[in-house]
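**Q** Curious how this folds, go ahead:
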Amino acid sequence: MGNAFHDGRLPVIYVRGFAGTGSAVNSAVDDPFYGFSQGSVHVRADGSGRARFHQFESPMLRLVADHQYEVPVHGDQLAFLNSVDAGSVNPASIWIHRFYDDAADTFGGDPENFSFEEAARDLFSMIKLVLEKTGAPKVFLVAHSMGGLICRSLLQRVIPESLADGDGIDPAAGAKYVARVFTYATPHGGIKFAVGFGLLERLRDATRLQGADIFGPDRMYDYLTPPALRGTLTRENFRATEMPGDGFPLHELFCLVGSNPEDYDVALGLSSKAVGARSDGLVQIDNAAVKGAVVAVVHRSHSGRYGIVNSEEGYQNLQRFLFGDLKVEVELVGFTVGKSYPPEVEFQLDVGLAIRGLPVLVHEQTAAHYCPVQIEHWKDGDPIDSPVPLLTTFLSSKAPRPLLNGKMVPRLRQALKLRLMSITEKDGHFFFADHLEQTEDWQDTLLVEIEPPSADRPLPKAWAAWNSTIPSALRDWSAGDEDLLKDSDPTPNRWQGFIPVPEVSRHLLGTNAGLRLTVTPRPLAP
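**A** Got it, this is the predicted structure:
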């Protein structure tokens with residue numbers, strides 16, 4: 001049991017979100033797993049947008065079933081950890097950071113006021129205890145909402161301060177204990193409102209209403225910035241969505257962003273109205289990710305029956321980020337959209353990523369959800385000469401694959417759905433004289449198959465074809481030699497291929513327009 005981490009399974013510690021005070025805290029602590037065991041039966045899977053039944057057990061049960069994790073409880077996880085010998089606990093285990101327990105009044109006695117800083121310090125104590133008892137070198141942190149800010153406080157302030165010595169503070173010290181961090185719907189940039197012209201934020205931060213000032217910039221600066229570094233990291237240049245460049249590695253941080261405010265019914269829907277349509281009902285899309293981190297967007301709300309934690313979309317991104325051994329990056333290259341159009345014509349790209357065997361999209365940015373990819377307009381003398389990142393995803397070469405005709409498919413198949421739309425905007429107003437609503441200028445789907453590396457082949461192989469060039473149904477497509485992509489990057493342990501857009505689309509998209517795929521092995525950092 002003590003060697004589970006050698007196959008990539010490290011202890012998982014879950015950190016829940018904000019509960020406020022009083023009965024909400026009591027409800028939170030009544031759940032043995034602080035919400036990580038909550039499942040759902042709703043999924044948005046059909047083309048009409050109607051909800052369909054889909055039983056999702058919960059992220060915790062899926063980790064148990066899919067990756068053979070254990071959930072040691074024994075009446076009290078912390079008491080159990082303190083009672084066992086070092087190195088005797090299975091590293092493939094799930095632990096709940098129960099930081100709200102002391103603030104509940106259901107255990108008798110006088111409840112303590114919740115302290116954000118204390119929760120971050122206690123998380124560090126728990127990490128050290130879990131590492132001692134499991135023998136694992138590091139942990140995975142998984143967090144929802146405010147829990148992601150607790151994790152950032154741990155990484156940006158608590159651990160660096162705790163390990164500081166005569167040579168000063170090491171901003172990257174947290175990487176000695178934490179391998180990867182996955183956040184669901186965390187307000188990395190704080191919580192702001194689309195109404196009130198800033199008055200609501202100032203009132204919240206001045207009154208510290210139910211402790212919600214932790215989502216304001218002053219408190220965030222305080223718990224994210226060690227005092228020893230404030231001479232250079234000043235309040236004036238503080239940006240909550242930015243982490244120190246020499247700190248915890250951003251490629252090991254994943255931010256899952258929700259784009260469904262309609263189904264967030266907290267406060268009778270007033271929350272979603274206050275933060276606006278471009279949100280998950282509580283956190284605005286622009287504030288839900290750290291700059292430079294890995295990001296995926298899914299059409300889920302902050303919580304509830306369509307909540308982001310208790311969703312198939314959330315789990316699929318979670319397991320691929322934690323255990324995936326292949327990193328896949330997709331970029332637009334050579335797009336010169338708008339070159340022959342006046343500057344008031346704007347182009348937006350809808351993007352959706354489907355993976356064979358899954359009933360959901362693991363990434364979805366659309367104009368309908370107020371988060372399309374904005375395509376830069378070509379300007380004479382200012383060419384678009386840099387790639388536009390579309391998405392990053394992860395694949396596991398060891399994961400079970402679907403069976404077709406009784407045989408396991410040999411390759412990992414994905415479909416990237418692209419839909420380009422244009423609209424005319426002048427002086428901040430849309431013009432519809434030449435507009436055809438819901439009609440795209442271009443759409444296509446790129447099918448990609450990846451054959452993982454093998455013992456005698458250190459790099460993957462990949463095939464790709466556009467839907468518009470495939471005469472059969474997509475499910476019947478069989479990649480041939482003509483679809484094999486050439487590796488154009490001589491860099492060791494790095495595969496890169498280019499897929500030009502179909503010839504009929506090049507007049508609109510660009511003579512040299514296409515997609516660039518980069519696949520790299522992804523070992524756990526020592």
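**Q** Can you get me the start-to-end distance on stretch 284-292?
**A** The first residue of stretch 284-292 is 18 Å away from its last residue (C-alpha to C-alpha, to the nearest Å).
**Q** Sorry, wrong one. I was asking about stretch 181-196.
**A** Stretch 181-196 has an end-to-end distance of 34 Å (criterion: C-alpha to C-alpha).
**Q** Pull out the buried residues from that stretch.
**A** Residues of stretch 181-196 classed as buried: 181-193 (neighbour count, 16 or more other C-beta atoms under 10 Å). Where C-beta positions appear, they are placed from N, C-alpha and C, glycine not excepted.
**Q** Make TSV from these and add distance to Ile423 and secondary structure to it.
**A** Formatted as TSV, these follow (distance: C-beta to C-beta, whole Å; DSSP: H, G, I helix; E, B strand; the rest coil):
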residue	distance to Ile423	secondary structure
Val181	37	strand
Phe182	35	strand
Thr183	33	strand
Tyr184	32	strand
Ala185	29	coil
Thr186	32	coil
Pro187	30	coil
His188	30	coil
Gly189	27	coil
Gly190	31	coil
Ile191	30	coil
Lys192	26	coil
Phe193	27	coil
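**Q** Relative to Trp477, which of those residues is nearest.
**A** Among the buried residues of stretch 181-196, Phe182 lies closest to Trp477 (C-beta to C-beta), at 32.6 Å.
**Q** For beta bridges, what are the partners of the closest one?
**A** Beta-bridge pairing of Phe182 under DSSP bridges involves Val142, Phe254.
**Q** Tell me who's in contact with it.
**A** 140-143, 254, 256, 317-318, 321-322 (C-beta atoms under 8 Å, 6 or more residues apart in numbering).
**Q** Need the nearest residue in space to Ile17, chain neighbours excluded.
**A** That one is not Ile; residue 17 is Gly. Nearest residue to Gly17, sequence neighbours excluded (C-beta to C-beta, 6 or more residues apart in numbering): Ser145, at 2.9 Å.
**Q** for Gly247, that is, sorry about that
**A** Leaving aside its chain neighbours, Gly247 sits nearest to Pro171 (3.9 Å; criterion: C-beta to C-beta, 6+ apart).
**Q** just Arg16 next, same as before
**A** Among residues not flanking Arg16 along the chain, Tyr34 sits closest, at 4.0 Å (C-beta to C-beta, 6+ apart).
**Q** what does the model give that neighbour for pLDDT?
**A** Here the pLDDT value assigned to Tyr34 is 96.
**Q** Next one: it from Ser259, what distance?
**A** Going from Tyr34 to Ser259 by C-beta to C-beta, to the nearest Å gives 25 Å.
**Q** Then Ala368?
**A** Distance, Ala368 to Ser259, by C-beta to C-beta: 9 Å.
**Q** quick one, which of the two is more surrounded?
**A** Per other C-beta atoms under 10 Å, whichever of Ala368 and Ser259 has more neighbours is Ser259, with 24 against 12.
**Q** ok, which stretches of the chain are helices?
**A** Along the chain, the segments classed as helices by DSSP state H run 23-30, 59-67, 77-83, 116-134, 146-153, 159-162, 199-207, 217-224, 270-275, 312-323, 506-509.
**Q** most tightly surrounded among those helices?
**A** Most buried of the helices of the chain, by mean neighbour count (mean count of other C-beta atoms under 10 Å): helix 146-153, with a mean of 27.
**Q** Which other helices and strands does it contact?
**A** strand 12-15, helix 116-134, strand 139-144, strand 178-184, helix 217-224 (3 or more C-beta pairs under 8 Å, 6 or more residues apart in numbering; DSSP states H and E).
**Q** what about the shortest one, average pLDDT?
**A** The pLDDT scores in strand 12-15 average 98.
**Q** Quick one: residues in contact with that strand.
**A** Outside strand 12-15, the residues that touch it by C-beta under 8 Å, 6+ apart are 33-34, 36, 60, 63, 69, 93-97, 99, 123, 126-127, 130, 139-144, 147-148, 150-151, 322.
**Q** rerun at 6 Å
**A** Residues from elsewhere that reach strand 12-15 (C-beta atoms under 6 Å, 6 or more residues apart in numbering): 36, 94-97, 139-143, 147, 150-151.
**Q** With distance to Gly247 as extra columns, can I get those in TSV?
**A** As requested, these are exported to TSV (distance: C-beta to C-beta, whole Å):
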residue	distance to Gly247
Phe36	26
Ile94	26
Trp95	24
Ile96	26
His97	21
Val139	17
Phe140	18
Leu141	15
Val142	20
Ala143	17
Gly147	19
Ile150	16
Cys151	13
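**Q** Check these and tell me the two furthest apart.
**A** Ile94 and Ile150 (17.3 Å).
**Q** how much space between the spatially closest residue to Gly281 that is not a sequence neighbour and Gly17?
**A** Excluding its sequence neighbours, the residue lying closest to Gly281 (C-beta to C-beta, 6+ apart) is Tyr264, at 2.3 Å. Noted for Tyr264: a distance of 13 Å to Gly17, by C-beta to C-beta.
**Q** who's more crowded, those two?
**A** Tyr264 (26 against 23).
**Q** what pLDDT does the more buried one get?
**A** We have a pLDDT of 91 for Tyr264.
**Q** again, but for the one 3 residues further on
**A** In the prediction, the pLDDT value recorded for Ala267 is 70.
**Q** Tell me which residues touch it, please.
**A** Here Ala267 is in contact with no residue (C-beta under 6 Å, 6+ apart).
**Q** What number of residues are in the vicinity of Ser115?
**A** What Ser115 shows, counting by other C-beta under 10 Å, is a neighbour count of 14.
**Q** swap that for Leu416, sorry
**A** Applying other C-beta under 10 Å, we find 23 residues neighbouring Leu416.
**Q** ok, the residue nearest to Phe53 when sequence neighbours are not counted to His144 distance?
**A** In space, Phe53 comes closest to Val41 once its chain neighbours are excluded; the distance is 5.8 Å by C-beta to C-beta, 6+ apart. Val41 sits 20 Å away from His144, going by C-beta to C-beta.
**Q** who has more neighbours, the two?
**A** His144 (28 against 12).
**Q** mind listing what that one touches?
**A** Going by C-beta under 6 Å, 6+ apart, His144 touches 16-17, 184, 309.
**Q** Can you tell me how far it is from Glu57?
**A** From His144 to Glu57 the distance is 17 Å (C-beta to C-beta).
**Q** How about Ile159?
**A** 33 Å.
**Q** Next: Asp481.
**A** 42 Å.
**Q** Surely the residue nearest to Gly247 is in contact with Gly245?
**A** No. Pro171 sits out of contact with Gly245 when judged by C-beta atoms under 6 Å, with a separation of 8.6 Å.
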